[in-house]
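A.B. asks: what follows is a predicted structure for the sequence shown.
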Amino acid sequence: MHFHAEALLTPGSTTVNIEPFETNSQPGIAERAIDTATDVSRTLGEVTGALRAAVDRLSGAMEDARRPGTALSTVAAITREAPLASLFIAFLFGIAVARRH
């Protein structure tokens, strides 16, 4: 709410009348668009940060799993040695899992 002062000048006295000045309290379309863009930008920043953190955690887990002697490194080595046999075993495993559900 804005105020404005109005001076009423009469001979010999000066009176100042302070009344509230009514303004349109609803934001305009440009202000709403800026607010929306700011909210979207903030949300995208938060999503990007969360996604980056998830990718970092997944990358770290993959690096840990690929160390020599772990299960993933063993499976990777067997797959490189016998790719068709590994594919056949994966296919059979998929069928077994699908039949259970």
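C.D. replies: Happy to help now that I have it.

A.B. asks: where does pLDDT dip in the chain?
C.D. replies: 1-25 (pLDDT under 70).

A.B. asks: all the helices of it, in order from the start?
C.D. replies: 29-65, 71-81, 83-100 (DSSP state H).

A.B. asks: and those as a markdown table, adding mean neighbour count?
C.D. replies: Heads up, the C-betas are built off the backbone N, CA and C, glycines and all. Shown next, in a markdown table, are the helices of the chain (neighbours: other CB atoms under 10 Å):
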| stretch | mean neighbour count |
| --- | --- |
| helix 29-65 | 10 |
| helix 71-81 | 12 |
| helix 83-100 | 10 |
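
A.B. asks: now the residue nearest the centre of the chain: how far from residue 59?
C.D. replies: Centroid-nearest residue in the chain, with CA atoms, centre = their mean: residue 47, separated by 1.7 Å. Computed as CB to CB, to the nearest Å, the residue 47 to residue 59 distance reads 18 Å.

A.B. asks: these two touch, right, residue 76 and residue 66?
C.D. replies: Yes: counting by CB atoms under 8 Å, residue 76 touches residue 66, with 7.3 Å between them.

A.B. asks: list residues touching both of these two?
C.D. replies: By CB atoms under 8 Å, 6 or more residues apart in numbering, residue 76 and residue 66 have no common neighbours.

A.B. asks: what's residue 64 in contact with, if anything?
C.D. replies: residue 70 are the contacts of residue 64 under CB under 8 Å, 6+ apart.

A.B. asks: at 10 Å instead, please
C.D. replies: Residues counted as contacts of residue 64 (CB atoms under 10 Å, 6 or more residues apart in numbering) are 70, 72.

A.B. asks: if I look at it, how far off is residue 27?
C.D. replies: Taking CB to CB, one finds residue 64 at 51 Å from residue 27.

A.B. asks: ok, now residue 98?
C.D. replies: For residue 98 relative to residue 27 (CB to CB), the value is 56 Å.

A.B. asks: again, but for residue 50
C.D. replies: Distance from residue 50 to residue 27, by CB to CB: 30 Å.
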